[in-house]
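**Q** sequence and computational prediction follow.
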Amino acid sequence: MRNKRFVHSISRQFAGIFFALMAGTILLCWFLNITFLESFYIRDKQEVLLNAYERINHAAVEQTLDTEDFELQLQSLCSRYNMDVLILDVDSQTVKYAGVDPEATKIQLWDNLFLEKNQNHEYSEQEKKDTLVENDAYRIKIVRDRILKNENIEMWGFLENGNMFLIRTALESIRDSVRLANRFLAYIGVLAAVASGIIIWVVSKKITKPIMQLAGISEKMTHLDFDAKYTGRDKNEIAILGDNINKMSEALEKTISELKTANNELQKDIQKKTEIDEMRKEFLSNVSHELKTPIALIQGYAEGLLEGISEDSESRELYCNVISDEAQKMNSLVQKLLTLNQLEFGNDPVNMERFDIVTLVKNQLQSADILIRQKEIKLLMSENTPVYVWGDEFKTGEVVSNYLSNAIHHCEGDKIIDIRFSQRDGKVRVTFFNTGRPIPEESISHIWEKFYKVDKARTREYGGSGIGLSIVKAIMESINQEYGVENYTNGVAFWFEMEMQERIAEHVE
């Protein structure tokens, strides 16, 4: 992935483009030097010759050729531009000369003039090409020395006072200069291209480094990782881009967080709605199931009475007792459902008051005394002195009644019910233990649910509806107190806690 990413690196492209432009520029300059530099030098020398001719002709007209000032100008001009100058009068006597070999120069002048006077001479194509300027006063031409085999640019003709002149400058020096300039340009060009390539590579790496940092940040953002931030301290456009990416990262993180929160709430709402629907279906199913048996019994016995199946008074009394008993069970179920509904929806207000929890338990035991004796249960109770607590006495009585009823109907084995009161941290825990079979572990978390029955056949046997422990849960949560159940090897213990009077007094103080 990394190699693929850097195949078209900006730094490489930038350096490659710059190097290509640099090399192309140098090659173009080298080509232009080779093609046009010599012509440019020749044109420049031509201008120099014309300028020298103007000065000499002016001095001839002003008759200042023999003056010291003109002599200095002439020597300076010849030295500066590497020129030979020869001026002859009408008698072919030397008027002025600046150069190395005046006799050879004089011969060259006569050769040139003789060539012009020879009417039968026709210029060859090379001579036409070598002629740069030609008019009635003078001629400028590239001349090849037959002896020395070198080339000169020569200008000859007549001054306005009738004197003959020849001005000459070597062409080989120009060509040497062109070759030297081209060679120097090639060396400098190669060095400049290499140095520039290295510099642009370093500079491009410095420029692309923050860009790669931004690329890494954006890649992490695609994986919802918003911890990476741009840390560059430059003040250029990349820094502005990095700052905007940081802001975008924060905004995306905040937005995604809000979306996840909203999605989580939505999932909870959906789950809650699903649970409510399931609870509604389960509630209807359970209510239908709980009411189906007593309704069927009532209907069957009522039809038997109507049809006169039993004519003796004892049978009719039995039928009536069954109908009355089943109707009472139905009424008890409905009352419990109404109570549970009010508790769960908070429609049943909690009346906090001070009462003796020991006395409340004793009263419930007294009400169940007949049932306890019928089942031959041994009752144990650890407390006889009053223990005052704060709570809703009526609702607490419902909790005690349900716990006691549950203990009585599930008491087996040694048939012992042990009620204990333990005080700790300003609270009293009331525990109802009964010997018998422990609750299966998989059922412990469900026993507080409405209509849940561990042993449905046994529950039906004693008329249980599966609502009692749900009422306990609703009551204890309404008064904000703890409750629970513990398994033992020989039985089960249900418990609940209440706030003691002393603890309440401490809060009040």
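**A** Perfect, thanks for sending it.

**Q** spatially central residue in this structure, please.
**A** Met221 (1.6 Å; CA atoms, centre = their mean).

**Q** how many residues are close by Ile240?
**A** Using other CB atoms under 10 Å, Ile240 has 11 neighbouring residues. The C-beta positions use only the backbone N, C-alpha and C, and glycine is treated the same way.

**Q** report pLDDT for Phe51.
**A** Actually, residue 51 is Asn rather than Phe. In this prediction, Asn51 carries a pLDDT score of 91.

**Q** do Glu326 as well
**A** For Glu326, pLDDT reads 68.

**Q** Lys235 now?
**A** Among the per-residue scores, Lys235 holds a pLDDT of 70.

**Q** for the residue nearest to the centre of the chain, pull up the helix or strand it's in.
**A** helix 172-222 (DSSP states H and E).

**Q** can you tell me which helices and strands that helix packs against?
**A** For helix 172-222, the elements it packs on are helix 10-32, helix 38-62, helix 237-307, judged by 3 or more CB pairs under 8 Å, 6 or more residues apart in numbering; DSSP states H and E.

**Q** and it, how far out from the chain middle?
**A** In this view, helix 172-222 has its centroid 35 Å away from the chain centroid, taken as CA atoms, centre = their mean, to the nearest Å.

**Q** next one: stretch 250-267
**A** 15 Å.

**Q** just to revisit the earlier point, which ones are touching the residue nearest to the centre of the chain?
**A** Residues near Met221 by CB atoms under 8 Å, 6 or more residues apart in numbering: 249, 252.

**Q** cutoff 6 Å now
**A** Neighbouring residues of Met221 by CB atoms under 6 Å, 6 or more residues apart in numbering: Ser249.

**Q** now it: how far from Lys450?
**A** 49 Å (CB to CB, to the nearest Å).

**Q** try Asn244
**A** Applying CB to CB to Asn244 and Lys450 gives a distance of 57 Å.

**Q** and the two? Which one has more around it.
**A** The neighbour count for Asn244 versus Lys450, taken as other CB under 10 Å, is higher for Lys450 (21 against 12).

**Q** spatially, what comes nearest to the more buried one if we skip its sequence neighbours?
**A** Leaving aside its chain neighbours, Lys450 sits nearest to Ser470 (4.5 Å; criterion: CB to CB, 6 or more residues apart in numbering).

**Q** quick check: pLDDT value at that neighbour.
**A** 84.

**Q** just say helix, strand or coil for Pro349.
**A** Under DSSP: H, G, I helix; E, B strand; the rest coil, Pro349 falls in the coil class.

**Q** now do the contacts for it.
**A** Per CB under 6 Å, 6+ apart, neighbours of Pro349: none.

**Q** how far away is it from Met476?
**A** Separation of Pro349 from Met476 (CB to CB): 16 Å.

**Q** kindly report the same for His58.
**A** 130 Å.

**Q** more neighbours: which of those two?
**A** Met476 (22 against 13).

**Q** now do the same contact list for the more buried one.
**A** Counted by CB under 6 Å, 6+ apart, Met476 has contacts 483, 496.

**Q** circling back: am I right that the residue nearest to Lys450 falls within a helix?
**A** Yes: under three-state DSSP, Ser470 falls within a helix.

**Q** my guess is it meets Ile447, correct?
**A** No: taking contacts as CB atoms under 6 Å, Ser470 lies outside contact range of Ile447: 9.1 Å.

**Q** what does stretch 82-93 contact?
**A** Residues from elsewhere that reach stretch 82-93 (CB under 6 Å, 6+ apart): 78, 95-99, 105, 109, 162-169.

**Q** pLDDT score assigned to Phe451?
**A** Per the predicted model, pLDDT is 69 at Phe451.

**Q** now stretch 140-156: mean pLDDT?
**A** Averaging pLDDT along stretch 140-156 gives 78.

**Q** that one: which residues count as buried?
**A** 140-143, 151-156 (16 or more other CB atoms under 10 Å).

**Q** now swap in stretch 16-23 and tell me
**A** 18-19, 22-23.

**Q** with respect to Thr274, which of the residues you listed is nearest?
**A** Lowest distance from Thr274 to those (CB to CB) belongs to Phe18, with 66.0 Å.

**Q** and what about the residue of the chain positioned farthest from its centre, helix, strand or coil?
**A** Farthest-out residue of the chain from its mean C-alpha position, per CA atoms, centre = their mean: Asp91, at 99.8 Å. Under the three-state scheme (three-state DSSP), Asp91 adopts coil.

**Q** tell me the SS of Phe355?
**A** Going by three-state DSSP: Phe355 is strand.

**Q** so what's it up against?
**A** With CB under 6 Å, 6+ apart, Phe355 has these contacts: Glu393.

**Q** any idea of the pLDDT on it?
**A** pLDDT for Phe355: 93.

**Q** equivalent analysis for Glu344, please.
**A** 60.

**Q** equivalent analysis for Lys128, please.
**A** Taking Lys128 on its own, its pLDDT is 69.

**Q** for Met498, same thing?
**A** 93.

**Q** now swap in Tyr488 and tell me
**A** The model's pLDDT for Tyr488 equals 93.

**Q** what's the answer for Lys117, then?
**A** The predicted local confidence for Lys117 is 54.

**Q** ok, Asp91 next?
**A** 83.

**Q** can you tell me how far it is from Asn57?
**A** Here Asp91 is placed at a distance of 20 Å from Asn57 (CB to CB).

**Q** do the same with Ile298
**A** Distance from Ile298 to Asn57, counting by CB to CB: 152 Å.
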